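Enquirer: 3D model of this:
(one chain, ligands or ions: 1)
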Amino acid sequence: MLDTGVGGLTVYDALRRQLPQAPVIFAADLIGMPYGKKTEAEVAARVAGLLGRMSERYRPRLACIACNTASTIALGMVREVLEIPIVGTVPAIKPAALHTNTGTFGLIGTQATIRQRYVDDLERDFARDKTLLRIAAPDLVDEAEAKLRGRTVNMAVIEEAVQRLRGMDGGGDIDAVVLACTHFPLLREELGALFGNDVALIDGAEGIARRIANLLEGQEFAPTPQNRFVVTGPVEGARGLDAALAERGFGAPESF
Ligand code: DGL
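Expert: As a prediction, the model looks like this:
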């Protein structure tokens, strides 16, 4: 699995529930973070390079891009060049469109994700008769990273994003919000407290885990999975994550 940081762990958690026996190597591209503020060319180059390095080094049976930004930009491209199945994480527009009763729903992602053609296509295919309001909230990525490192979340940052979405034309009608960045479900509690009980917060993690479990169905795994958490750059970048990693069955972070 690949993400820039701990966001992809939300996909990992869902996978653990559905396929506890498969060993996972989770790569966090800490020196590449945030992808959301990079250009399409920069993100595509990093994702292709890192997935190539991972598949050569670890020979995985499957790879998951546990990042919406990377998936909406580079999924097609890496699928063409790598020989293993690649599962991407793309905004859960379809389930949110099915969920909304008011016909208006929101999407919060990174700047790079919300401008992708991939997202336009999902909206056209699954939400043509609905109103989808999109905002970029890159600062939530830092808050999610802080939370998993045991630091206090700055609620003002979360509140600003929620108010910005609510303040858009039709924003008051929103009854579902797509969490279109894998970091954001880590802030589900904080976002839920501000949006209120009438707004469903929808992400794709369970669906992605289901897809991975289907693709690996019938395969045998070693009796005790050895999960590894590897990072780009110095391992000190993962400082503060020990508890979050240990509770998920990872050993100490390693340099990648
Ligand atoms: N977790 C990544 C995503 O799903 C984004 C974080 C970043 O900007 O690096 O889009």
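Enquirer: for D175, see how far away the spatially most central residue of the chain is.
Expert: The chain has T182 as the residue nearest its centroid, 2.1 Å off, counting by CA atoms, centre = their mean. To D175, T182 is 23 Å away according to CB to CB, to the nearest Å. Where you see a C-beta, it was placed from the backbone N, CA and C, and this is true even at glycine.
Enquirer: around V230, count how many other residues there are.
Expert: For V230, the count of nearby residues is 20 (other CB atoms under 10 Å).
Enquirer: how about the nearest residue to it, chain neighbours excluded?
Expert: Leaving out its chain neighbours, the residue that sits closest to V230 by CB to CB, 6 or more residues apart in numbering is F256, at 3.8 Å.
Enquirer: could you check how far the one you found is from the ligand?
Expert: Going from F256 to the ligand by CB to the nearest ligand atom, to the nearest Å gives 16 Å.
Enquirer: touching, that residue and P234? I think so.
Expert: No: F256 lies out of contact with P234 (CB atoms under 8 Å); the separation is 10.9 Å.
Enquirer: please name the residues that touch the residue nearest to V230.
Expert: 27, 53-54, 230-232 (CB atoms under 8 Å, 6 or more residues apart in numbering).
Enquirer: of those residues, buried ones?
Expert: Those of these that meet the buried threshold are 27, 54, 230-232, by 16 or more other CB atoms under 10 Å.
Enquirer: among those, which are in strands?
Expert: Using DSSP state E, the subset of these located in strands is 27, 230-231.
Enquirer: now do A127 against E40, distance only.
Expert: 23 Å.
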